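Enquirer: Just need the structure, nothing else, for what follows:
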Amino acid sequence: MFNVAVLRLKDITRYLFGIVITIIIVMLIAKYFTSNKNSISTPENKTESKISKYVQNIKTNIFKSGISQTLPTFSSLDTSKVEETQKIENKNILEELLVSEINLMKQLENTSQESENAQNEETENNNTQNETNNNQEDIELAQTGLKTEVVTNNPIAESFNVQYGNVKIKNQTSYTLTEEMLTPDITIENKNILMFHTHSCESYTPSELFPYTPTGNYRTTDLNFTVTRVGTELETQLKKYGYSTYHDMSYHDYPAYNGSYTKSLQTVETILQTFPADIIIDLHRDAIGSRPDYAPTVKIGDNDYAAQIMYVIGTNAGGLNHPNWNQNLKFAIKVQQKAEEMYPGLFKPIMLTESRYNQHTGKYASIMEIGSTGNTLEQCLTSMKYLAKVLDEVLKES
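Expert: Predicted coordinates for the structure are as follows:
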């Protein structure tokens, strides 16, 4: 038994010595290829990779062979389970790497998209701001000292029964207007200006510059072609003079025309909670007979054709509480006095009515009818240039 054990120990020593020598040789070969890695081109790198794998297999097989011969019990081990476990682990690692890579790609894609969106939004905002600035710079303000004359074709006879200085008034109430009631002795402290449209869809005669598809008799739901667009022009002009304005563009006569004044009253009362204003303008278009041939117009200077404007001032004669109607009238007279000085004929006679028209909401509230059905939108936009100038002069003097 002792001799057998000695022989086996010698055999093991011999085999181990052989294995060590083999490993040293393999390491030297691997070191040789590694040291030449930087100087090898891409195709040779592929060859090196194959050789490295081959050498690794050789080392593994030699080690396994030596162990199997020196330790026979090693060969009896069930290595299939180990290999299967190794395959599963490798598969799991690959799956984890693949999932990680996909998530990383998604993160990079999302980051890139967010960056692109932010850049596009910034560019769009800059373009919008630049466009707004350019539009503000392109706004043409009204000049003064220009010749003005009424050039209305097929005019309707002017009607009035009261006159205060150069201001004509058509009094449709039973009130007798005294000198005191007509004198515009008012001081305007709050110069905020609120504009809205009880009849938002009122439109004009289509033109080459402003064609549109009607959705009623001189009406359209496209507010780019209605009196609402006229309000936007007045707002733009007034802001150019430095006034704080609020222009509401809500529909009040669509989808139902009935109840328009009830809806617009709710709008105004809501706005006044956050935007206190004494000057309140309900911009309309005159609907006198819906005549296509009636277009009250004035020529200002050499080239401007502007639609005439008419104040409609309500009272409490209809039974509704309206304690400040006389203040409204005084303001209209004050504005129209200045307009007659600067652009005579721009305004038609003031119409004083029994209805209240929501004008109890402000100290200087009114309806202003801009043009009629026969006017074009461009004529009404031109009117706003001159109206803004008149309002500026009135407010500067107050």
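Enquirer: so Ala295 touches Glu378, yeah?
Expert: No - if you go by CB atoms under 8 Å, Ala295 and Glu378 don't touch, sitting 11.8 Å apart. No exception for glycine: its C-beta is placed from N, CA and C like everyone else's.
Enquirer: The two: which has the busier surroundings?
Expert: Counted by other CB atoms under 10 Å, Ala295 and Glu378 do not tie: Ala295 has more neighbours, with 23 against 16.
Enquirer: What's the local residue count around the nearest residue to that one once chain neighbours are set aside?
Expert: Setting aside the residues directly before and after it, Ala295 is nearest to Gly374 in space (CB to CB, 6 or more residues apart in numbering), at 3.3 Å. Gly374 has 24 neighbours, counted by other CB under 10 Å.
Enquirer: Tell me how far Gly374 lies from Ser290.
Expert: Going from Gly374 to Ser290 by CB to CB, to the nearest Å gives 9 Å.
Enquirer: Spatially nearest residue to Thr361, not counting backbone neighbours?
Expert: Val268 (5.1 Å).
Enquirer: can you tell me the helix or strand for that neighbour?
Expert: Counting by DSSP states H and E, the element that carries Val268 is helix 260-272.
Enquirer: I'd like to know how many residues surround Asn324.
Expert: When neighbours are counted by other CB under 10 Å, Asn324 comes out with 17.
Enquirer: check contacts around it.
Expert: By CB atoms under 8 Å, 6 or more residues apart in numbering, the residues touching Asn324 are 360, 362-363.
Enquirer: all strands for the stretch 251-398 of the chain, in order.
Expert: Ranges of strands within the stretch 251-398 of the chain are 279-284, 297-300, 304-307, 309-313, 350-352, 364-370, based on DSSP state E, counting those that start in this stretch.
Enquirer: helices and strands around the fifth one, which ones?
Expert: Counting contacts by 3 or more CB pairs under 8 Å, 6 or more residues apart in numbering; DSSP states H and E, strand 350-352 is packed against strand 167-171, strand 309-313, helix 325-342.
Enquirer: circling back to that earlier point, JSON lines please, covering the contacts of Asn324 and showing distance to Ile309 and neighbour count.
Expert: What follows is the contacts of Asn324, written out as JSON lines (distance: CB to CB, whole Å; neighbours: other CB atoms under 10 Å):
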{"residue": "His360", "distance to Ile309": "22", "neighbour count": "17"}
{"residue": "Gly362", "distance to Ile309": "19", "neighbour count": "22"}
{"residue": "Lys363", "distance to Ile309": "21", "neighbour count": "18"}
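Enquirer: closest to Lys170 among those residues?
Expert: His360 (21.3 Å; CB to CB).
Enquirer: Distance of the closest one relative to Gly314?
Expert: 8 Å.
Enquirer: residues shared between the contacts of those two?
Expert: Each of 322, 325 lies in contact with both His360 and Gly314 under the rule CB under 8 Å, 6+ apart.
Enquirer: In this structure, what helix or strand scores lowest on average pLDDT?
Expert: helix 72-75 (a mean of 42; mean pLDDT, DSSP states H and E).
Enquirer: how about Thr226, phi and psi?
Expert: When read as degrees, to the nearest 10, the backbone of Thr226 gives phi -120, psi -170.
Enquirer: which residues touch the closest residue to it other than its chain neighbours?
Expert: Leaving out its chain neighbours, the residue that sits closest to Thr226 by CB to CB, 6+ apart is Ser203, at 4.8 Å. Counting by CB under 8 Å, 6+ apart, Ser203 touches 212, 214, 218-220, 225-227, 285, 377.
Enquirer: Using TSV, lay out these together with neighbour count and distance to Val26.
Expert: As requested, the contacts of Ser203 are arranged in TSV below (neighbours: other CB atoms under 10 Å; distance: CB to CB, whole Å):
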residue	neighbour count	distance to Val26
Tyr212	16	89
Pro214	14	94
Tyr218	20	99
Arg219	20	95
Thr220	19	90
Phe225	21	89
Thr226	25	91
Val227	25	94
Arg285	24	99
Leu377	27	92
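Enquirer: Quickly name whichever of those is closest to Glu140.
Expert: Closest approach between these and Glu140, by CB to CB: Leu377, at 16.6 Å.
Enquirer: residue boundaries of the strands in the stretch 101-250 of the chain?
Expert: 148-150, 162-164, 167-171, 193-196, 245-247.
Enquirer: what lines up beside the second one in the sheet?
Expert: The partner list of strand 162-164 in its sheet, established with DSSP bridges, is strand 167-171 (antiparallel).
Enquirer: Okay, buried residues for the partner strand please.
Expert: 167-171 (16 or more other CB atoms under 10 Å).
Enquirer: Show me which pair in these is furthest apart.
Expert: Counting by CB to CB, the most remote pair of the buried residues of strand 167-171 is Val167 and Asn171, 12.2 Å apart.
Enquirer: what about the stretch 51-200 of the chain, any weak spots by pLDDT?
Expert: Applying pLDDT under 70 to the stretch 51-200 of the chain picks out residues 51-137.
Enquirer: Now with 90, please.
Expert: The model of the stretch 51-200 of the chain has pLDDT under 90 over residues 51-139, 154-155, 157-158.
Enquirer: Repeat that for the stretch 201-350 of the chain.
Expert: 287-293.
Enquirer: hmm, try it at 50
Expert: Within the stretch 201-350 of the chain, no stretch has pLDDT under 50.
Enquirer: in the stretch 151-300 of the chain, which spans are helices?
Expert: Assigned by DSSP state H, counting those that start in this stretch, the stretch 151-300 of the chain shows helices spanning 179-182, 227-240, 260-272.
Enquirer: residues of the longest one that come out buried?
Expert: When neighbours are counted by 16+ other CB under 10 Å, the buried residues of helix 227-240 are found to be 227-240.
Enquirer: quick check, nearest of the residues you listed to Lys396?
Expert: Nearest to Lys396 among the buried residues of helix 227-240, with distances taken as CB to CB, is Leu238, at 12.6 Å.
Enquirer: what residues are up against that closest one?
Expert: If you count contacts by CB under 8 Å, 6+ apart, Leu238 has them with 193, 245, 388, 391-392.
Enquirer: Show the end-to-end separation of stretch 242-257, please.
Expert: Distance between the two ends of stretch 242-257: 35 Å, counting by CA to CA, to the nearest Å.
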